[in-house]
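1. pasting a predicted model and its sequence here:
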Amino acid sequence: SLIEQAKQKAAYQAVDEHVLPSHRVIGVGSGSTVVHVVARLLQRDPELNAKTVFVPTSFQSRGLLLDGGLNVGDVDQYPDIDVTIDGADEVDSQLNAIKGGGGAHLQEKVVAEAAKKFVIVADYRKNSKILGEQWKQGVPIEVAPFAWRVVLVKIQNMGSKDAKLRMAVAKAGPVVTDNGNFLIDAPFGLIQDPANLLKDIKLITGVVEVGLFCNMAEIAYFGNEDGSVAIRT
Ligand code: DER
């Protein structure tokens, strides 16, 4: 599909330009776009991959690496990462991002912050000026299960009246993250000041992590419908 081709173009160019032969520890995000990141990594010289460790950000991302036969390490073993590449649900003109559509943003943010460089790869649907323009599912928020209702009420009172607990589809009850927590999806309309919103949500007791990645990404690659790649720094 046009969207998959766009994801692949962005992912391949990002890997080619930012995963260097001198790099020894690579952070790998989660979701469908990073599938193409791993595919491109597997096209590198096997001897180069043999001396490189790849740090996942979810069971899904771990599975991609293990299925590819790549060396997997955890961020507690490799806390100093050369570069982390990950997808996003939406990116604004300042490279702030909404992440967590796949429910993986806690490990993703830790692995992104542990890297010297954080690179975003996405298709054209994620390329916005302001967060909230295209992504309507809300800011993903990972919460401690016992506290989910008190947190939900506070977020609704903050202005996200449609905030909801993320319910599972292939399982009864709420989605449980790889870390054993719940998720709240909180729409805030257009988010003019994501850094401030991040701070306000993060301070709510019971919130574990917020799917707003502010002032973190160094560069973003967006695959376009016509096969071109737009780069934003
Ligand atoms: O959940 C996440 O944070 C993922 O990285 C998500 O934001 C991007 O997933 P996609 O590449 O499947 O759109």
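-> That came in fine, so what should we check first?
2. how far does stretch 20-37 stretch from one end to the other?
-> Terminal residues of stretch 20-37 are spaced 14 Å apart (C-alpha to C-alpha, to the nearest Å).
3. for that stretch, what is the distance to the chain centroid?
-> Counting by C-alpha atoms, centre = their mean, to the nearest Å, stretch 20-37 is centred 12 Å from the centre of its parent chain.
4. show me which residues of it are buried.
-> By neighbour count on 16 or more other C-beta atoms under 10 Å, the buried set for stretch 20-37 is 23, 25-31, 33-37. For glycine as for every other residue, the C-beta is placed from the backbone atoms N, C-alpha and C.
5. so does that stretch get close to the ligand?
-> Yes: Stretch 20-37 lies within reach of the ligand by C-beta under 6 Å from any ligand atom, at 29-33.
6. which member of the residues you listed is positioned nearest Gly63?
-> Nearest to Gly63, judged by C-beta to C-beta, of the residues of stretch 20-37 next to the ligand is Ser30 at 10.1 Å.
7. so how far is Gln60 from that closest one?
-> Here Ser30 is placed at a distance of 5 Å from Gln60 (C-beta to C-beta, to the nearest Å).
8. what do the two both touch?
-> Shared contacts of Ser30 and Gln60 (C-beta atoms under 8 Å, 6 or more residues apart in numbering): 102, 104.
9. tell me the contacts of Leu152?
-> 163-165, 184.
10. make TSV out of the residues you listed and add neighbour count and pLDDT.
-> Shown next, in TSV, are these (neighbours: other C-beta atoms under 10 Å; pLDDT from 0 to 100):
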residue	neighbour count	pLDDT
Ala163	22	98
Lys164	16	98
Leu165	17	99
Ile184	26	99
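11. determine which two of the residues you listed are furthest apart.
-> It's Ala163 and Leu165 that sit farthest apart of the contacts of Leu152, by C-beta to C-beta, at 8.5 Å.
12. quick one: common contacting residues for the two?
-> Residues touching both Ala163 and Leu165 (C-beta under 8 Å, 6+ apart) are 152, 184.
13. before we move on, the earlier item: and which of the residues of stretch 20-37 next to the ligand is nearest to Gln5?
-> Closest to Gln5, out of all of the residues of stretch 20-37 next to the ligand and judged by C-beta to C-beta, is Thr33, at 11.8 Å.
14. noted, bye for now.
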